[in-house]
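1. following is a predicted model, sequence given first.
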Amino acid sequence: MIDYLIYVILPQVLHGLVWGTVIAFIALGLTIIFGLMDIVNFAHGEYYMVGAFMGYTVMSVIPNFWIAVPVAVACVAVLGLFTEFILFRRLYGRDPIFHLLLTFGLGMMFREAAQLIWGAETKRMEVPVTATVELLGTVYPVYRLLILGIGICVILFIWYLLRYTSAGAKIRAVAQDRTMAWALGIKVPLIYTSVFVGGVALAGFAGILMSPINFVYPTMGVDVILRAFIVVVIGGLGNVMGALFASLLIGEVEALASIWISPTIAETLVFVILIITMIVRPAGLFGKAGER
Amino acid sequence: MLEVKDLNTFYGKSHILQGVNLDVGEGEIVCLLGRNGVGKSTTLKSIMGLVTPSRGTVTFEGKQIQKMRPDVIARMRISYIPEDRRIFSRLSVKENLLIGTSNAPDMTKARKEEMLEKAYMYFPILKEKESQGGGYLSGGQQQMLAIARGLMCDPKLVLLDEPFEGLAPVIIWELIDIIKKLCETEKMTLLLVEQKAALALKMSDRGYVLEKGLVKCEGTCQFLSESEEVRERCGL
Ligand SMILES: Nc1ncnc2c1ncn2[C@@H]1O[C@H](COP(=O)(O)OP(=O)(O)OP(=O)(O)O)[C@@H](O)[C@H]1O
Ligand SMILES: [Mg+2]
C-alpha cells in the first residue's frame, strides 16, 4: 500500500503539479488579458509554441539552455509587442466577433508559419538537467522539480505585482473601470500593451520550459490552450486565484487519472469537470453570479 | 483659468451641447445648474476629453485642450469627480486614494503620504476604513472617497458632478462644510454641477444655468437666486 503510494501515486502527483504550473502560466495570461481588455485571445497558445521553437532555434546555434530561455522569452515579448501594436490595439471596445475572427485567424497563421519555417515533424530538445533525486525512495527528474520551483516563484511574483505594487493597483483599476482610470491620468493604452506583452511572454516562457519534456511541434499550442480555456472558465473569467486553483485541479486530475485509465480518456475527464462546473456554478468556481 | 467657447457635442446624431460658453477664474467656485438631461455632465465630460466635442474650444491656462486624451488632460492637474462616483470597489480605500495621484507622476512618495494624511484629516472615516474594499463603503462614504481621491493630486481645477445625489440631508450638510473648508484652506478652484440649485448657490461665487445644451443665464449667486427665470428653470 505504502509502496503503491510512493512509486505510483507520488510521481503522478508531482507530474500533475508540473503540468498544472504550465497550464497556469498560459491561463494566467489569458485570464488577466481578458479581465483587463475583454479580449479572449484564441492565439494565446501560439505564443507558447513560438517560445518553444525560438528556444529550439537558439539551442541549435548556441547549445546552452540557460541562454536559450531568456532569448526565447524576449523574442516572444517582441512578437507580442508587434501584434499588440499592429492588430490587438484595433480590437479594444469592438464587438467580440472581431476578437474571435482576428485572434483565431492569427493563431492559424502562426501555426502555418511555424510549419513553413521549422517543418511539421516533431522535434525534441535535450533535457538541460539530467540529474534525478530520490524522494522517499522514488526517483524523480530534477528538471521537472526545477520547472515547479520556477513556476511557483513566477506565480508568487505576479501575485505580489498585482496585489502589492502601485502598478498592480493601476492594472486592477483599469480592469474595473477603464474610463475612470483614464480620467484619473492613468495611461490606459500603455497598461494594455504592457499587460499583453507580459501575458504572452509568460506563455512563451512556459513553451520553452516544457520543450525538453514535451515535444516541439507547430500545433503544440492548441493542446495546451484548450486546457487553459477550461481552467479560465472553471476559475471564473478574469479571476486570477480561480485560474491558479483550477490549473492545479486540472493538472492533478489528468495526471492521477492516467494511472488507471488511458491518457486520452483522462483528457476527457477534464471536459467532464468543465461541464459539471458549468451546470453547478455557471460563473466558475470562484466567480460570483453577475460579476466578472 | 478655464475657458469654454462655443462647445458643441454630439452623442451619435443627438446634438447635446449646442454652443456652451463659460469660464472659471482661479480660486473661484462656479456652479453649473439645470434640470435633468440638459447636458451638465456632458459639459464636464467634454472638458475632460471623455467625449470629443465636434466644435468649439476648451482652454486651460492658455492651452487648448479639446483635442487631448483624458490622461493628458488629467495630467494638467484637472480632477474629475463624476456623478456616479465610480470608485474602484475592488481596490482598498487607500489604493483608491493613491490611484488619485496617477496624474501627478512627479509627486514624491513623501508628498503622497502628506496628501494621504490631509485626505484623512478632512475625511477621518476614510482612515478608519483604509484597508477595506471600496465596495463596502456606504453611499456617503463612497462620495467622500471619490472627492478625496480627486484631491490627492493637489489639483488646480476640480470638476465636481452632483456630489449630493442620493445622500441623506445630514451627510449633505457635512459634505458641504468639508467642501467649503477645502475651498478656503486649499484655494481650490471648483466647477460644480448640481441640480439642487439652492444648495449649489449657497456654496458658489457665480453660476450658469444650462438649458437644452445652451447657457440660458449667468451671474452672481445673488442675482441668480433672485431671478424669476432661474427659480422656474431650476425648480427653486
Ligand atoms: N452615452 C450617451 N449616449 C447617448 N446619449 C447620451 C449619453 N449620455 C447622455 N446622453 C443624453 O444626453 C443628454 C444630456 O446628458 P447629461 O448626462 O449631460 O445630462 P445632465 O444635465 O448631466 O443630467 P442629469 O441631471 O440627469 O445628470 C441626455 O438627454 C442624455 O439622455
Ligand atoms: Mg449629470
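-> Perfect, I can see it now. Ligands and ions are numbered 1, 2, ... in the order given.
2. how about the helices in the stretch 101-250 of chain A?
-> Counting by DSSP state H, counting those that start in this stretch, the stretch 101-250 of chain A has helices at residues A:142-164, A:166-176, A:178-183, A:188-210, A:220-235, A:240-260.
3. over to chain B?
-> In chain B, the helices defined using DSSP state H lie at B:40-48, B:70-74, B:93-99, B:109-122, B:124-128, B:139-151, B:169-186, B:197-203, B:221-226, B:228-233.
4. switch these over to CSV; also include mean neighbour count.
-> Any C-beta I mention is one placed from the backbone N, CA and C, and that applies to glycine too. Listed next are these as CSV, based on neighbours: other Cβ atoms under 10 Å in any protein chain shown:
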stretch, mean neighbour count
helix B:40-48, 24
helix B:70-74, 21
helix B:93-99, 24
helix B:109-122, 15
helix B:124-128, 15
helix B:139-151, 22
helix B:169-186, 14
helix B:197-203, 19
helix B:221-226, 16
helix B:228-233, 14
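5. what's the least confident stretch among the ones you listed?
-> Among the helices of chain B, helix B:228-233 carries the lowest mean pLDDT, at a mean of 71.
6. which positions in chain B make contact with ligand 2?
-> Residues of chain B lying close to ligand 2 (Cβ under 5 Å from the ion) are B:S41, B:E83.
7. with distance to ligand 2, mean pLDDT and mean neighbour count as extra columns, can I get the helices of the stretch 101-250 of chain A in a markdown table?
-> Converted to a markdown table, the helices of the stretch 101-250 of chain A look like this (distance: least, Cβ to the ion, whole Å; pLDDT from 0 to 100; neighbours: other Cβ atoms under 10 Å in any protein chain shown):
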| stretch | distance to ligand 2 | mean pLDDT | mean neighbour count |
| --- | --- | --- | --- |
| helix A:142-164 | 34 | 94 | 15 |
| helix A:166-176 | 21 | 94 | 20 |
| helix A:178-183 | 15 | 94 | 23 |
| helix A:188-210 | 23 | 96 | 24 |
| helix A:220-235 | 37 | 91 | 24 |
| helix A:240-260 | 35 | 90 | 21 |
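8. between the ones you listed, which gets nearest to A:Y47?
-> For A:Y47, the closest of the helices of the stretch 101-250 of chain A is helix A:188-210, at 4.0 Å, according to Cβ to Cβ.
9. the helices of chain B: which one's closest to A:T103?
-> It's helix B:70-74; of the helices of chain B, that one is closest to A:T103 (Cβ to Cβ) at 26.8 Å.
10. quick one: that closest one near chain A?
-> Yes - applying Cβ under 8 Å from any Cβ of the partner chain, one finds that helix B:70-74 is in contact with chain A at B:P70, B:D71, B:A74.
11. format these as a markdown table; extra columns: distance to B:T57.
-> As requested, the residues of helix B:70-74 next to chain A are exported to a markdown table (distance: Cβ to Cβ, whole Å):
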| residue | distance to B:T57 |
| --- | --- |
| B:P70 | 17 |
| B:D71 | 20 |
| B:A74 | 19 |
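12. of all those residues, which comes closest to A:C153?
-> For the residues of helix B:70-74 next to chain A, the residue nearest A:C153 by Cβ to Cβ is B:D71; the value is 33.3 Å.
13. contacting residues around the closest one?
-> The contact partners of B:D71, by Cβ atoms under 8 Å, 6 or more residues apart in numbering or on different chains, come to A:W182, A:A183, A:G185, A:I186, A:K187, A:V188, B:N103.
14. so which of these reach ligand 1?
-> Contacts with ligand 1 are made by none of the contacts of B:D71, judged by Cβ under 6 Å from any ligand atom.
15. of all the helices of the stretch 101-250 of chain A, which lies closest to B:K129?
-> helix A:166-176 (16.7 Å).
16. quick check: angle from the closest one to helix A:188-210?
-> Angle between the axes of helix A:166-176 and helix A:188-210 is 110 degrees (criterion: axes from the mean of the first three to the mean of the last three Cα atoms, to 10 degrees).
17. which residues sit against helix A:166-176?
-> Against helix A:166-176 from outside (Cβ under 8 Å, 6+ apart): A:32, A:35-36, A:160-162, A:180-182, A:184, A:186, A:188, A:191-192, A:195, A:238, B:88-91, B:95, B:98-99, B:102.
18. same deal with stretch B:46-62?
-> Against stretch B:46-62 from outside (Cβ under 8 Å, 6+ apart): A:179, A:182-183, B:1-11, B:17, B:19-20, B:42, B:45, B:64-70, B:72-74, B:76, B:78, B:80, B:156-157, B:159, B:191.
19. circling back to that earlier point, tell me the one of the residues of helix B:70-74 next to chain A nearest A:G20?
-> B:D71 (38.6 Å).
20. got the domain boundaries for chain B?
-> Following automatic domain parsing, chain B resolves into domains at B:2-76+B:156-234, B:89-152.
21. of those domains, which is nearest A:C153?
-> domain B:89-152 (24.9 Å).
22. about what we covered before: closest to A:I259 out of the helices of chain B?
-> helix B:93-99 (45.5 Å).
23. hang on, the earlier thing: redo the helices of chain B as a markdown table? Include distance to A:G93.
-> Converted to a markdown table, these look like this (distance: least, Cβ to Cβ, whole Å):
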| stretch | distance to A:G93 |
| --- | --- |
| helix B:40-48 | 17 |
| helix B:70-74 | 14 |
| helix B:93-99 | 22 |
| helix B:109-122 | 32 |
| helix B:124-128 | 33 |
| helix B:139-151 | 24 |
| helix B:169-186 | 34 |
| helix B:197-203 | 35 |
| helix B:221-226 | 40 |
| helix B:228-233 | 37 |
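24. okay if I get these as a markdown table plus distance to ligand 1?
-> Formatted as a markdown table, these follow (distance: least, Cβ to the nearest ligand atom, whole Å):
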| stretch | distance to ligand 1 |
| --- | --- |
| helix B:40-48 | 3 |
| helix B:70-74 | 15 |
| helix B:93-99 | 23 |
| helix B:109-122 | 25 |
| helix B:124-128 | 26 |
| helix B:139-151 | 15 |
| helix B:169-186 | 16 |
| helix B:197-203 | 12 |
| helix B:221-226 | 17 |
| helix B:228-233 | 12 |
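25. out of those helices, the one nearest A:C75 is which?
-> helix B:70-74 (30.7 Å).
26. so what pairs up with the residue nearest to the spatial centre of chain B in the strands?
-> Against the mean C-alpha coordinate of chain B, by Cα atoms, centre = their mean, the closest residue is B:L160 at 1.3 Å. When bridges are called by DSSP bridges, B:L160 pairs up with B:I81, B:L192.
27. mind listing what it touches?
-> B:L160 touches B:I81, B:I147, B:G150, B:I179, B:L190, B:L191, B:L192, B:V193, counting by Cβ under 8 Å, 6+ apart.
28. ok, the fourth one - contacts?
-> Think B:I179. Taking Cβ under 8 Å, 6+ apart, one finds B:I147, B:L160, B:P163, B:L190, B:M203 in contact with B:I179.
29. change it to 10 Å
-> B:I29, B:Y122, B:I147, B:V158, B:L160, B:P163, B:F164, B:M188, B:L190, B:L192, B:M203 (Cβ atoms under 10 Å, 6 or more residues apart in numbering or on different chains).
30. hey, C-alpha coordinates of stretch A:169-183 in CSV?
-> The C-alpha coordinates for stretch A:169-183 follow below in CSV (Å, rounded to 0.1, in the frame of the first residue of the first chain):
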residue,chain,number,x,y,z
ALA,A,169,-3.3,48.7,-8.3
LYS,A,170,-3.4,50.6,-11.6
ILE,A,171,-3.9,47.4,-13.6
ARG,A,172,-6.8,46.4,-11.3
ALA,A,173,-8.2,49.9,-11.5
VAL,A,174,-8.2,49.8,-15.3
ALA,A,175,-9.7,46.3,-15.3
GLN,A,176,-12.6,47.5,-13.2
ASP,A,177,-13.3,50.9,-14.8
ARG,A,178,-11.1,51.9,-17.7
THR,A,179,-12.8,55.3,-18.4
MET,A,180,-12.5,56.5,-14.8
ALA,A,181,-8.9,55.2,-14.6
TRP,A,182,-8.1,57.1,-17.8
ALA,A,183,-9.7,60.3,-16.5
